[in-house]
Each structure stands twice: as structure tokens, then as C-alpha cells.
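*Asks:* kindly return the folded structure for what I paste below:
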Amino acid sequence: MLLNWLSRHLAAYLSKQVTQPSVRTSTWKALRDTLQPGDVLLVEGNTRISTAIKYLTQSTWSHAALYLGPDAGLGQSAKGEPHVLIEADLEEGIRALPLSFYRHTHTRICRPVGITENDLKTLTDYSISRLGHQYDLKNVWDLARYLWPTPPVPSRYRRSLLAMGSGDPTRAICSTFIAEAFQLLRYPILPISLDGPEYDPDSDLRRRETFRSRHHSLFAPRDFDASPYFDVIKPTLEQGFDYREFQWMD
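*Replies:* A predicted model of the protein is given here:
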């Protein structure tokens, strides 16, 4: 179909690099040694579509991948590297890839707290079942409209633009795919509180605050960073940073 042909060419256009890679904030070894299965790896992209996502979310992060580790059974690359990440790519759809793919990229690790081996199995099984599913190209058309230098989009509408799409369950964008995986565990990301504004979490009257989930299509990469339920892990600190050993040039 003509629309599919146009969508593929638009995806290729939006995947082109338009800026220089950002300065990474940890060494490759520190990143590799710090990641644990279940971590969400946020990426500051440098492509045209990254520009749109960063604008709409007012965030550094334009992409997210799920780290499942070398024992997840995701296969290996042509160079023999184990596939440890799974992500929704604009051109290739949901795919597995080695960590070295993001070796020279500015990244952030967001770690869910307290998940079990059974939870990891659920994440892995779900992710593998989605391999090969396509990126939601209707979402690509929606995002492409906001690549102008100053798109006329009021801030209160920006998040809803990321939810535009076909609604086809065999299609996804990077953050919604991962959000749906965690929602299978009923693990919170940024849930909606059902308690009224009068609720005071510091009052002497203790009661359980109740929540409901946002629809997975409303999540953006930045939400894993902003979530109070994901720990932000900095590889440089995790590997034993000592400021006294920092090498300054006088």
C-alpha cells in the first residue's frame, strides 16, 4: 500500500542523525558492570524523531530499552555478542540487541525495586513474545508534524501527542512497550492517585493511598526517570567513585 511505503520512507528519514552524540556520563565498563536484568536504560538520541520526542516531553531522554541480561535467551549479534536489550525501533520494530549498540551514548539506568525472579521471567517472556512486532507508524506521522523548530503545541497538550497511534496491539513505541511489560507485574510507574487533594500523607491518620494505572500509551521515556518507584543508578558511583582520586589538570 502507498501509505505503508510512505511510512517506511518517513521512518528512514526520521531515523537519520541530526546532532552529534551527547557526552556520555560513565565509562563503558562501568555501564556494563552496573546493569541488572529488569533495568530500564534511557537514551538521549540524536535523530530527527529524538528531537520531536525530547521537545514534546521537555526531557533529555528520547528512547528507552529494557535490559534483560545475557541469560534471557535473546540470541546474539553477528559478532558473537549476546543480545541483552530489547527495544521498539522505528524501522525494525521490536528487536533484541547487544549493549555495545549504546556504547558511546548518553544513558541513564532506572531500576525497579524489589522485583523477583518470577517477575523477571514475566518481563522476559512478554518481551520475547513481542519480538518482530512493528513500531506504530501512525505514531510516527503524528510525531513528524512536530519537528518544526517552534511547533505551536501548548505544553498541556504535549504528552497526549505521544499517545496518538493506531491502537493496534501488535504495534508499539519504545516507552509504551516497556510500560505495558511492567503493568503486567502491576509495578507502578507514574500511577494516578485516587485520593482527593485533601489527602495529607504526613497526617497522623494513616490510610492507604489508592491508585489506578495510566494507559500504557501515555508513557514517555522520561517517566521512568521521574517515577518515585524506580531507582536512578549512576554507574560511576556504583563502581566506587572517590573524589580524591579524580584527575584534574592544573
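
*Asks:* count the residues that sit near the nearest residue to residue 134 once chain neighbours are set aside.
*Replies:* Counting by CB to CB, 6 or more residues apart in numbering, residue 93 is the residue found nearest to residue 134 once chain neighbours are left out, at 4.2 Å. C-beta coordinates here come from the backbone N, C-alpha and C atoms, glycine included. Counted with other CB atoms under 10 Å, residues neighbouring residue 93 total 20.

*Asks:* check the one 10 residues further on too.
*Replies:* By the other CB under 10 Å criterion, the neighbourhood of residue 103 contains 12 residues.

*Asks:* distance of the residue nearest to residue 134 relative to residue 177?
*Replies:* Distance, residue 93 to residue 177, by CB to CB, to the nearest Å: 10 Å.

*Asks:* in this protein, mark out all the strands, start to finish.
*Replies:* 40-43, 63-67, 85-89, 93-97, 107-112, 134-135, 171-172, 192-193, 211-212, 230-233 (DSSP state E).

*Asks:* return the helix or strand in the chain with minimum mean pLDDT.
*Replies:* Sorting the helices and strands of the chain by mean pLDDT, DSSP states H and E puts strand 171-172 at the bottom, at a mean of 46.

*Asks:* picking up where we left off before, wait, doesn't the residue nearest to residue 134 sit right on residue 132?
*Replies:* Yes: counting by CB atoms under 8 Å, residue 93 touches residue 132, with 6.2 Å between them.

*Asks:* averaging pLDDT over each of the strands of the chain, which comes out lowest?
*Replies:* Of all the strands of the chain, the minimum mean pLDDT falls on strand 171-172 (a mean of 46).

*Asks:* what sits against the closest residue to residue 188 other than its chain neighbours?
*Replies:* Leaving aside its chain neighbours, residue 188 sits nearest to residue 229 (4.9 Å; criterion: CB to CB, 6+ apart). Taking CB atoms under 8 Å, 6 or more residues apart in numbering as the criterion, residue 229 is in contact with 112-113, 187-189.

*Asks:* just the pLDDT for residue 229.
*Replies:* pLDDT, residue 229: 95.

*Asks:* could I get the phi/psi values of it?
*Replies:* With angles defined as degrees, to the nearest 10, residue 229 sits at phi -110, psi 0.

*Asks:* now it: how far from residue 87?
*Replies:* Here residue 229 is placed at a distance of 21 Å from residue 87 (CB to CB).
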